[in-house]
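Student: Generate a structure from the sequence data that follows.
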Amino acid sequence: MKRLITLLTVLTFCSANAQTKQALFLGNSYTGYNNLPQLIKSVALSFGDTLITEANTPGGYQFIQHTTDVASLAKINSRNWDFVVLQEQSQKPSFSPAQVATDVYPYAYQLNNTIKSNHACTETVFYMTWGRENGDAGNCASYPPICTYLGMQQRLRESYMEMKDSNNAVVSPVGVAWKTVRDSFPLIDLYNPDESHPSVQGSYLAACVFYATFYQKSPIGSTFIPAAISANDALNLQTVASYTVLDSLSLWGINTNKPIADFNYTGNPVVNFTNTSTNGNNYSWNFGDGNTSLLQNPTNTYTTTGNYTVELTTYSTDTCFSSTTTQTVNVTITGIENRSNSTEIKIYPNPANNYIEIETTLQYSSIKIIDLTGKTIKQTTLKTKIDVSNLTNGIYFIQIIGKRNTIMQKFVKK
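Tutor: Numbers count the residues shown, from 1 in each chain. Model (predicted):
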């Protein structure tokens, strides 16, 4: 029974936080092997998340070919993607910095521009691949740093990080996770027998890294495990992927420009809100009493005792992303109570800025403005139009002292 309750709790949590994302994959056989997009979809589904995918991954394809490929361009323009994943030919980013600057970077830039032209809010995600199991023997003589796995891996990391930085994009650090698995779990074979393409274990590692990149959630505990992978190996791959991505989100450009809404407040019943959001530029407040504001740090005057759910939504500068948070504000109005018959006295405008006007059927000898503590702020004997421009924002009462009785009516100065 305890296990069932725990399972139901987990399923409820996943359902409540389920997300749907759309991702296009443009690459070659490194993406196509073992159907990486489908593996990511299956990991996501195991947590209640949905990933809608399309792909164009002809064997050996390079960025330069994707820039003019009819299928690639049509897929980019087919919908407003959340992510477009770009994976270069496996060797080219590991070559010398000068060669990569000529043969890779311009086409990464061109593809990113094409992506943004279709939909400015799409995030370009560069797929950092891995070094070959024993280095690149075919190009070792012309560029010795890639003669070994470690040298090739380092150059791939440097090039993909440069593409991320120069295009204000995201990198999915599969290659970094790959190195950690090689170092920490050497018995897990990430390579196909050709020492280049991924085994099922390698593709599953990549899928877990991409899940963490897309959703900013840990893949640890995914119930989707390919048949060829043991439960223990799957857990190790999930764990490496999780910590690689989620411990260094800013390093990989993930959520770097996305807003996080937050605020605090002071005062009662005149409440001053201080916006402590990060990466936000535009703000929308709902104070829970029917009042709203677009100010960064607004003030709201509550006129009735109660618990109010205050909602703040903050938007990124480009309005592509938003974040919403809520807090409950407890308002208690004490002291003087509203005592009047609405037919005996009318105050307008209410709330007031500069003046209030009073209409009453009573004969009176004095009119007072009283604050919440009972202190008299103003008093007049004749005027029914009263200047309140010098009052601080808040709740006040009009007290009309008549021949037979005294009545009070609440108004708000804002």
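Student: wouldn't residue 103 be in contact with residue 94 here?
Tutor: No. Taking contacts as C-beta atoms under 8 Å, residue 103 lies outside contact range of residue 94: 11.6 Å. All C-beta atoms are positioned from the backbone trio N, CA, C, and that covers glycine.
Student: Could you check which of these two is surrounded by more residues?
Tutor: More crowded of residue 103 and residue 94, by other C-beta atoms under 10 Å: residue 94, with 28 against 17.
Student: what's near enough to touch that one?
Tutor: 131, 136, 146, 152, 155, 156, 159 (C-beta atoms under 8 Å, 6 or more residues apart in numbering).
Student: Just the closest of those to residue 185, please.
Tutor: Residue 185 has its nearest neighbour among the contacts of residue 94 in residue 131, at 16.9 Å by C-beta to C-beta.
Student: quick one: which of the contacts of residue 94 sit in helices?
Tutor: 152, 155, 156, 159 (DSSP state H).
Student: For the host helix or strand of residue 115, name the packing helices and strands.
Tutor: Secondary-structure assignment from DSSP states H and E places residue 115 in helix 105-118. Applying 3 or more C-beta pairs under 8 Å, 6 or more residues apart in numbering; DSSP states H and E, we find helix 105-118 packed against helix 63-66, helix 70-76, strand 83-86, strand 123-127, helix 149-166.
Student: got the contact list for that helix?
Tutor: 26, 62-64, 66-67, 73, 76-77, 80-81, 84, 86, 88, 122, 124, 126, 162-163, 166-167, 169.
Student: Return the helix or strand in the chain with minimum mean pLDDT.
Tutor: Sorted by mean pLDDT, DSSP states H and E, the helices and strands of the chain end with helix 2-16, the least confident at a mean of 36.
Student: Tell me which strands the helix or strand following it pairs with, and in which orientation.
Tutor: Toward the C-terminus, helix 2-16 is succeeded by strand 20-26 as the next helix or strand (DSSP H and E). The pairing partners recorded for strand 20-26 under DSSP bridges are strand 50-56 (parallel), strand 83-86 (parallel).
Student: Strand 20-26: how far from the chain's middle?
Tutor: Distance of strand 20-26 from its chain centroid, counting by C-alpha atoms, centre = their mean, to the nearest Å, is 17 Å.
Student: Give me the angle between it and helix 105-118.
Tutor: Strand 20-26 runs at 140 degrees relative to helix 105-118, counting by axes from the mean of the first three to the mean of the last three C-alpha atoms, to 10 degrees.
Student: So what touches strand 20-26?
Tutor: The contact list for strand 20-26, computed with C-beta under 8 Å, 6+ apart, reads 31, 36-37, 40, 44, 49-57, 66, 72, 75-76, 79-87, 111, 125, 214-215.
Student: what do you get if the cut-off is 7 Å, keeping everything else the same?
Tutor: Outside strand 20-26, the residues within contact range by C-beta atoms under 7 Å, 6 or more residues apart in numbering are 31, 37, 50-57, 66, 72, 75-76, 79, 81-86, 214-215.
Student: Of these, keep whichever come out buried.
Tutor: The neighbour-count test (16 or more other C-beta atoms under 10 Å) marks 31, 37, 51, 53-57, 66, 72, 75-76, 81-86, 214-215 as buried among these.
Student: In three-state terms, label the closest residue to residue 36 other than its chain neighbours for me.
Tutor: By the measure of C-beta to C-beta, 6 or more residues apart in numbering, the closest residue to residue 36 outside its immediate chain neighbours is residue 203, 5.4 Å from it. When classified by DSSP: H, G, I helix; E, B strand; the rest coil, residue 203 comes out as helix.
Student: Could you do the one 3 residues further on as well?
Tutor: Following three-state DSSP, we place residue 206 in the helix state.
Student: What is the neighbour count of the spatially closest residue to residue 178 that is not a sequence neighbour?
Tutor: Leaving out its chain neighbours, the residue that sits closest to residue 178 by C-beta to C-beta, 6+ apart is residue 130, at 4.0 Å. Neighbours of residue 130 under the rule other C-beta under 10 Å: 27.
Student: Would you confirm that residue 130 contacts residue 153?
Tutor: Yes. Using C-beta atoms under 7 Å, residue 130 and residue 153 qualify as a contacting pair, with a distance of 6.4 Å.
Student: any shared contact partners between these two?
Tutor: Taking C-beta under 7 Å, 6+ apart as the criterion, residue 130 and residue 153 both touch residue 175.
Student: Centre of the chain to the helix or strand that contains residue 100, how far?
Tutor: Taking DSSP H and E as the criterion, residue 100 maps to helix 97-103. Centre-to-centre, helix 97-103 and its host chain are 34 Å apart (C-alpha atoms, centre = their mean).
Student: Could you list the low-confidence segments of this structure?
Tutor: Within the chain, the segments meeting pLDDT under 70 span 1-17, 334-344, 382-383, 403-405.
Student: Domains of it: list them as residue ranges, please.
Tutor: Domain segmentation of the chain under automatic domain parsing yields 18-246, 263-331, 345-413.
Student: Would you reformat these as a markdown table and include distance to residue 254?
Tutor: Below are the domains of the chain laid out as a markdown table (distance: least, C-beta to C-beta, whole Å):
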| stretch | distance to residue 254 |
| --- | --- |
| domain 18-246 | 6 |
| domain 263-331 | 12 |
| domain 345-413 | 42 |
